[in-house]
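Colleague: structure, please.
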Amino acid sequence: MRRNVSDHAEKKNKVGVEVLLELPKTLSKSNKKWQLAFIKIYCSRTLLNCAKHAIRKPGLFPRSLSYTTIDLDHHQDDHHGDDHFKIDTETLNDLVKNKNQEKLESLGGPNGLVSALKTNTRLGINEDGDEIQRRRSTFGSNTYTRQPSKSLFYFVVEAFKDLTILILLGCATLSLGFGIKEHGLKEGWYDGGSIFVAVFLVVAVSAVSNFRQNRQFDKLSKVSSNIKIDVVRNGRRQEISIFDIVVGDIVCLNIGDQVPADGVFVEGHLLHVDESSMTGESDHVEVSLSGNTFLFSGTKIADGFGKMAVTSVGMNTAWGQMMSHISRDTNEQTPLQSRLDKLTSSIGKVGLLVAFLVLLVLLIRYFTGTTKDESGNREYNGKRTKSDEIVNAVVKMVAAAVTIIVVAIPEGLPLAVTLTLAYSMKRMMKDNAMVRKLSACETMGSATVICTDKTGTLTLNQMKVTDFWFGLESGKASSVSQKVVELFHQGVAMNTTGSVFKAKAGTEYEFSGSPTEKAILSWAVEELNMDMEEVIEEHNVVHVEGFNSEKKRSGVLIKKKKGENTENNVVHWKGAAEKILAMCSTFYDGSGVVREMKEDDKVQFEKIIQSMAAKSLRCIAFAYSEDNEDIKKLKEENLSLLGIIGIKDPCRPGVKKAVEDCQFAGVNIKMITGDNIFTARAIGVECGILTPEDEMNSEAVLEGEEFRNYTQEERLKKVERIKVMARSSPFDKLLMVKCLKELGHVVAVTGDGTNDAPALKEADIGLSMGIQGTEVAKESSDIVILDDNFASVATVLKWGRCVYNNIQKFIQFQLTVNVAALVINFVAAVSAGDVPLTAVQLLWVNLIMDTLGALALATEKPTNDLMKKKPIGRVAPLITNIMWRNLLAQSFYQISVLLVLQFRGRSIFDVTEKVKNTLIFNTFVLCQVFNEFNARSLEKKNVFKGLHKNRLFIGIIVVTVVLQVVMVEFLKRFADTERLNLGQWGVCIAIAAASWPIGWLVKSVPVPERHFFSYLKWKKRS
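Modeller: Numbers count the residues shown, from 1 in each chain. Predicted coordinates for the structure are as follows:
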């Protein structure tokens, strides 16, 4: 507040302003404001009294030639810039949270609020300078505090919760204690200490692996929450990140959009909001200027369109506070993981039984005096044997039995699934596919049918008006009468959800909205010289009917503001050409004359539409009428047809190849579109969905209404033969998905609209579009195709098959190790009373098998060979006949060789017992290394194809071999091994390498298509 005071003010009336301005520091912010207001009022009255000259006019101060300006604005330390705006953060937060209509009215309604926020409904905020940053620092940013990610320590603790690990730690503790007591600290720590180190190594690798995958999922979560929002800034409509929105932004809302922040409705028509995410109520809430004007962050636009002024962002919204307490669940169980859990449980039970039998045999042999020590003396001599020795011996037996369980239980399977899913999710992101639900990765590999949209998926979504018909004549805008051109200006400018922006003279126009709207606006501006701003200024909108996917049209009722015919309400419609044509009884010719539409004329117009559709054009018609009396309902009959335009949307390059790849892979492609049957057929042929024979086949191409009117039996009978469905509604798409699933198909569906949500949820795999897709569609989907390209859908199919194939490879590899380890230890324990593989050695094998093996096999990239197989289907067995053939052959070979070494190794190689056991351990590990190559391909004989591209696989093999050499040659006491000479190493490598030719020969053996276990079920039934 500023006041001017004469230099000759009376001294006796001077006031100590500085004393008045000294505010107590204990006052709250609101009380300080009241105090300042009181001071300003008091000082202004005092200054008025000090004026020497009389005030001639109320409210005016005569200034002398010399005067002083006193600034009474006192800047306190706790001011954060709210004074720049006419409203503070607390008031704004209260406004929407409590739906405070009285407070909004006191501010002057939505317009007053917009003014208080220093913004503009039409132009938005001015983003010049530091305006955006000032708003962010004053009102906060549109981000919320996330729950902290799980730390590495959390995963270490989780790994230690494993029962077998805890038992092993108990055994290690007892072994360590007895060893130190018997042999002293220097020599006695080896047995127990070795188990400790091995257990900690397994836990560390498992924890680090899980921690990295969790970080990967967190990164993907952040990407998926980065929604793009349309806002108006500097008069220009632009797309920005939801995180960049600030208070005062004017946000454009359309069907399917997520409301990005709390705000107040300022402009629009027929806006309905789904607030179920906040309130749980399924009924849609209407938002209008005359009723409820409040919009909540996190809710979805169900219908209509409009603009809102942002009032609260981030943690100041209820949605932000709610989301800050929600952590992403990365423990989602996919169907494959559930099946693997059952497999793990079954194998674990077998391992438990074998371990129990081994322990029982070892105990019986020990206490009957059968076992002997290294000197050849009996280990148990009744009462002469010390209790410490007995306990120590029993602990070793228990540790051996528990280690067998550790090796037997394939806990690496869930890790392998997590690894391959995380790896594929990361790689798919680079291939323009963002996975929202883990299960979709693997399910996509089983897909048998893909139902795809046309616009933007099969086509480029770069629309342009190429054909234009005024009446029954095709021509240019220059040959059309001014009257028709003006009507087109009204029909285009007033009946649109798009906008036109031009920064300054000489710059190009910017068009925003849907691709169809942009094409129409571009044509009207460039061909018809439409000035959108001028048309909007001249007319008022009375009523709007937004575009509806059922009716496939939109309409607007307008009235002129001044000039002629200001009393008349004019209705304008635009939409699918045949739908608009059916509403017309007259038409304008090129010269502007209205003619009656006779039957012959209607037939001629239908031929025009068909000829345009045959050229793959989308046909849009415009119609209008001046005698619309009802202001709440638009006239739908006896309209005048203004003209028809044809919009070209070219097919995407490479889409035909992608369709052929899917069809070659045994996946049926069905195109579901809203275009008319002629356009749909032309695009179907162009994309390769329809063959020349299908063109005239009435069952291959039909309209949604026809499919809808079939009985359920007819639908189930014909649905598999349908390849293209035109003029379809979202309900038709949902109906088709249900029919296909009922017939046993695994169905993938693409969708971009809000109304596609039911079909996306019903499908086995919902694929939403990242560019044109609404937030409702994205939330209903499992995978978001970021570039809206069908070629990316084909890539997702390939990745899905790769995930499933990689997991099958690992299962085959791991079960081979399980079977071999269990059999060799069990036979050795029963026959010799000792296990050749110690606890530490088995834990090392477990590490190779579970973690390193999973990393090597789960990160194989997809190959084109995957697209040459038939779909897996819904009920295909996890372990196929081919896998059983491969793993049984390798297991049998490994068991045979190791048993020969166990019983004849000493005599064959003329070595000690310890060297023999080292030979068994070394051969066993190297067999797994060589068999890892065999596992790279379940069917192909050439297992080295593409090996140079997988550096991770090569790296893991090298690391495994190097660590094995270290274990055998340098960690003798730790691993309980003896050094081997070059000849012995050569024998071990030769025995292990023999698994390659065995694998090559075995893959030549044919297997029946029918699963082995199906024969058992058949016999059981009979």
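Colleague: need the CA coordinates for stretch 533-545. CSV is fine.
Modeller: Extracted C-alpha coordinates of stretch 533-545, given in CSV (Å, rounded to 0.1, in the frame of the first residue of the first chain):
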residue,chain,number,x,y,z
GLU,A,533,-11.0,-17.4,-33.6
GLU,A,534,-13.4,-15.2,-35.6
VAL,A,535,-16.0,-17.9,-36.0
ILE,A,536,-15.9,-18.7,-32.2
GLU,A,537,-16.2,-15.0,-31.3
GLU,A,538,-19.3,-14.6,-33.5
HIS,A,539,-21.3,-17.5,-32.1
ASN,A,540,-22.5,-18.8,-28.7
VAL,A,541,-22.8,-22.6,-28.1
VAL,A,542,-26.3,-23.5,-26.9
HIS,A,543,-26.0,-27.3,-26.6
VAL,A,544,-23.5,-30.0,-27.6
GLU,A,545,-23.7,-33.7,-28.3
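Colleague: please, where are all the helices along the stretch 101-250 of the chain?
Modeller: 101-106, 109-116, 131-139, 152-160, 163-188, 190-224 (DSSP state H, counting those that start in this stretch).
Colleague: turn these into TSV, columns for distance to residue 965 and mean pLDDT.
Modeller: Quick note: C-beta positions are derived from backbone N, CA and C, even for glycine. Shown next, in TSV, are those (distance: least, C-beta to C-beta, whole Å; pLDDT from 0 to 100):
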stretch	distance to residue 965	mean pLDDT
helix 101-106	77	89
helix 109-116	75	91
helix 131-139	59	90
helix 152-160	27	85
helix 163-188	25	72
helix 190-224	17	74
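Colleague: which stretch among these comes nearest residue 357?
Modeller: helix 163-188 (17.2 Å; C-beta to C-beta).
Colleague: I'd like to know how many residues surround residue 359.
Modeller: Using other C-beta atoms under 10 Å, residue 359 has 18 neighbouring residues.
Colleague: ok, the one 5 residues further on next?
Modeller: Residues lying near residue 364 (other C-beta under 10 Å) number 11.
Colleague: next: residue 138.
Modeller: With other C-beta under 10 Å as criterion, residue 138 counts 18.
Colleague: may I have the phi/psi pair for residue 310?
Modeller: phi -70, psi 130 (degrees, to the nearest 10).
Colleague: check contacts around it.
Modeller: 245, 246, 247, 248, 249, 250, 251, 260, 261, 262, 263 (C-beta atoms under 8 Å, 6 or more residues apart in numbering).
Colleague: got the phi and psi for the fourth one?
Modeller: Recorded main-chain torsions at residue 248 are phi 100, psi -20, according to degrees, to the nearest 10.
Colleague: any idea how far it lies from residue 318?
Modeller: 20 Å (C-beta to C-beta, to the nearest Å).
Colleague: try the last one
Modeller: Between residue 263 and residue 318 the computed distance is 13 Å (C-beta to C-beta).
Colleague: now the second one
Modeller: Plainly put, residue 246 is 19 Å away from residue 318 if you go by C-beta to C-beta.
Colleague: of those two, who's got more company?
Modeller: The residue with more neighbours, out of residue 246 and residue 318, is residue 246; 28 against 16, by other C-beta under 10 Å.
Colleague: quick check, pLDDT for the more buried one.
Modeller: Listed pLDDT for residue 246 reads 93.
Colleague: for it, give me its contacts.
Modeller: Counting by C-beta under 8 Å, 6+ apart, the residues that residue 246 touches are 125, 132, 135, 136, 139, 141, 142, 310, 313.
Colleague: next, the residue nearest to the last one when sequence neighbours are not counted: phi, psi?
Modeller: By that I understand residue 313. Excluding the flanking residues, the one nearest residue 313 by C-beta to C-beta, 6 or more residues apart in numbering is residue 142, at 4.0 Å. Dihedral pair for residue 142: phi -90, psi 60, per degrees, to the nearest 10.
Colleague: residue 142: neighbour count?
Modeller: Per other C-beta under 10 Å, the neighbour tally for residue 142 reads 26.
Colleague: same check, this time on residue 520
Modeller: Neighbour count for residue 520, taken as other C-beta under 10 Å: 26.
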